[in-house]
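Participant: Here is a sequence with its predicted model. Questions after.
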Amino acid sequence: MTQRSLGMSVAFAAMLMAGTALAQEKVVHVYNWSDYIDESILADFTKETGIKVVYDVFDSNELVETKLLAGNSGYDVVVPTAPFLARQIQAGVFQKLDKSKIPNLSNMWPEVSERLAKYDPGNEYAVNYMWGTTGIGYNVDKVKAALGDVKIDSWDILFKPENAEKLKSCGINILDASDETFAIAMNYIGKDPDSKEAADLEAGGEVYKAIRPSVKTFNSSAYIDELANGDTCITIGWSGDILQAKTRAEEAKNGVTVDYVIPKEGTYMWFDNLAIPADAKNVDEAHAFINYLMKPEVIAKASDYVQYANGNLASQALMDEAVSKNPAVYPDEATMKKLFTISPYGPREQRVLNRVWTQIKTGS
């Protein structure tokens, strides 16, 4: 009897240990943009929930889309930009959110949710993480040295070939994000920024072809440090990225002064969103992660770190006023009216876009 009891006790202990191991193995695999979260948030989430975060980063929507469409990406939460989100929803890439598991959706900003509904009707598949604008980031002193004492408030500063030629020696970068850069160029020349006509896309491409000899790089992540270090003097960039470059330069005390402007002609307003792939393996953990991020104090901390606006209205009162009151982050009403969005490209239009963009980048 004693031997049998001992055997049962050992078996029971093994079962308890196995159960404990399983509990410790709760995990969520997250795929997000680079430089896009205060990493202490991930540690705090694990501390509060016991769910480990495996966190990978990317720097282009195309890379995410390729992985998602191939299936078995291994991710539980991904962060696509709105036009890609819409196309991926149509392709069946994502699963509908179980909103009963995300009670913090009560904190969302109705205006942002309504704009996002253009891509995700009924906000069934995604929750806004951050939003912002695509404008001009520049090294104040180097641009002044190249162009003189001119006001930096127009896309002319980059898109006029004579200006680009003067800026060539100090370094021009263009975002490697063809969907929005083409929309900006089409808007600049007076066309519908959401046009999918091949002729309009070609016309947008001509804007970049005209300045291509003066462009140093096309990238969407390295440009932050390059601008902060003074290796690039002007870029088309995302608002928060430019403000991060500004902060890094100030912290480094390297003599570089960075600024950001939304050009007077208007620009693209984008939305990056949290979504759960249809084949996610840790669905409950994914919902828990999204719900945690939507705590006002948590997403406020994220916005303070990345210097982007977010879709959580309740968070604004908790943010650093240097961010929440900054018109480069939260534009005023007049500027908001000049911001445009774009719908997804179909396969035919995407082929045109890819062909022209490749020609521009390669200089062919």
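Facilitator: Arrived safely, thanks for sending. Computed from a prediction, not measured in an experiment: that's the story for all the values here.
Participant: separation between Ile342 and Ala177?
Facilitator: Using C-beta to C-beta, to the nearest Å, Ile342 is found at 11 Å from Ala177. (Glycine included, C-beta is placed from N, CA and C.)
Participant: For the helix or strand hosting Asp200, name the packing helices and strands.
Facilitator: Under the criterion of DSSP states H and E, Asp200 resides in helix 198-211. Here helix 198-211 is seen to pack against helix 156-159, helix 161-167, helix 178-188, helix 347-362 when contacts are counted using 3 or more C-beta pairs under 8 Å, 6 or more residues apart in numbering; DSSP states H and E.
Participant: can you pull the buried residues of that helix?
Facilitator: Residues Asp200, Leu201, Ala203, Gly204, Gly205, Val207, Tyr208, Lys209, Ile211 are the ones in helix 198-211 that count as buried (16 or more other C-beta atoms under 10 Å).
Participant: Turn those residues into a markdown table, including distance to Cys170 and pLDDT.
Facilitator: Shown next, in a markdown table, are these (distance: C-beta to C-beta, whole Å; pLDDT from 0 to 100):
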| residue | distance to Cys170 | pLDDT |
| --- | --- | --- |
| Asp200 | 32 | 97 |
| Leu201 | 30 | 97 |
| Ala203 | 28 | 98 |
| Gly204 | 25 | 98 |
| Gly205 | 25 | 98 |
| Val207 | 21 | 98 |
| Tyr208 | 19 | 98 |
| Lys209 | 21 | 98 |
| Ile211 | 14 | 98 |
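Participant: Show me the two of those that sit farthest apart.
Facilitator: Within the buried residues of helix 198-211, two members stand farthest from each other by C-beta to C-beta: Asp200 and Ile211, at 18.6 Å.
Participant: List the residues that contact Glu349.
Facilitator: The neighbours of Glu349, taking C-beta atoms under 8 Å, 6 or more residues apart in numbering as the test, are Lys196, Ala198, Leu201.
Participant: ditto for Asp194
Facilitator: By C-beta under 8 Å, 6+ apart, Asp194 lies in contact with Ala183, Phe340, Thr341, Ile342, Ser343.
Participant: go with 6 Å
Facilitator: Residues near Asp194 by C-beta atoms under 6 Å, 6 or more residues apart in numbering: Ile342, Ser343.
Participant: pLDDT score for it?
Facilitator: On the pLDDT scale, Asp194 is placed at 96.
Participant: what's the spacing between it and Lys101?
Facilitator: 34 Å.
Participant: Ok, Val143 next?
Facilitator: 48 Å.
Participant: which of the two has more neighbours?
Facilitator: Val143 (21 against 14; other C-beta atoms under 10 Å).
Participant: any idea how far the more buried one lies from Lys216?
Facilitator: Counting by C-beta to C-beta, the separation of Val143 from Lys216 is 14 Å.
Participant: hmm, who's touching the longest strand anywhere in the chain?
Facilitator: Longest strand in the chain by number of residues (criterion: DSSP state E): strand 126-139. With contact meaning C-beta under 6 Å, 6+ apart, strand 126-139 is reached by 79, 85, 112, 116, 120, 180, 227, 233-235, 237-240, 242, 260-262, 267-269, 271-275, 290, 308-311.
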